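Trainee: model the structure of this input:
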Amino acid sequence: MATLTRLVTGQQDAARVAAPTGVAAFISGGLTWHSLLGINPADMRKKGFVGGALATVQDRLKCMKALLGDEVSLTGRTLLGWIGHR
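Mentor: Next comes the predicted model:
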């Protein structure tokens, strides 16, 4: 799916793959949710981004057309909430 999205749009960053664990991210060729979205587990009790983190994530994902999640059943509701806020 990621390759198809990239071919259709002609953009390398059009599709991103993410997973909850490092092993799943490695196997799927993506990143962990935390890495992709700039989520620091120590900050998960806080609300929103700190400093320029929001602008950094928005700039990194500005060309994204599709977000593909692997091993979504391993993603807890707290992390899904943070993903939704990103």
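Trainee: so residue 67, which of the three states?
Mentor: Here residue 67 is recorded as strand under DSSP: H, G, I helix; E, B strand; the rest coil.
Trainee: run through the bridge partners of it.
Mentor: When assigned by DSSP bridges, residue 67 has beta-bridge partners residue 16.
Trainee: now the helices for the chain?
Mentor: Listed in chain order, the helices of the chain (DSSP state H) span residues 2-9, 22-28, 33-37, 53-60, 77-85.
Trainee: tell me which of those helices sits most buried.
Mentor: Most buried of the helices of the chain, by mean neighbour count (mean count of other C-beta atoms under 10 Å): helix 33-37, with a mean of 19. From N, CA and C alone the C-beta is placed, and that goes for glycine too.
Trainee: for the record, mean pLDDT for it?
Mentor: Helix 33-37 carries an average pLDDT of 87.
Trainee: what is it packed up against?
Mentor: Packed against helix 33-37 by the contact rule (3 or more C-beta pairs under 8 Å, 6 or more residues apart in numbering; DSSP states H and E) you find strand 15-19, helix 77-85.
Trainee: for the first one, packing partners?
Mentor: Identification of packing neighbours for strand 15-19 by 3+ C-beta pairs under 8 Å, 6+ apart yields helix 2-9, helix 22-28, strand 31-32, helix 33-37, strand 66-69.
Trainee: and of the helices of the chain, who's closest to residue 66?
Mentor: Nearest of the helices of the chain to residue 66, taken as C-beta to C-beta: helix 2-9 at 4.7 Å.
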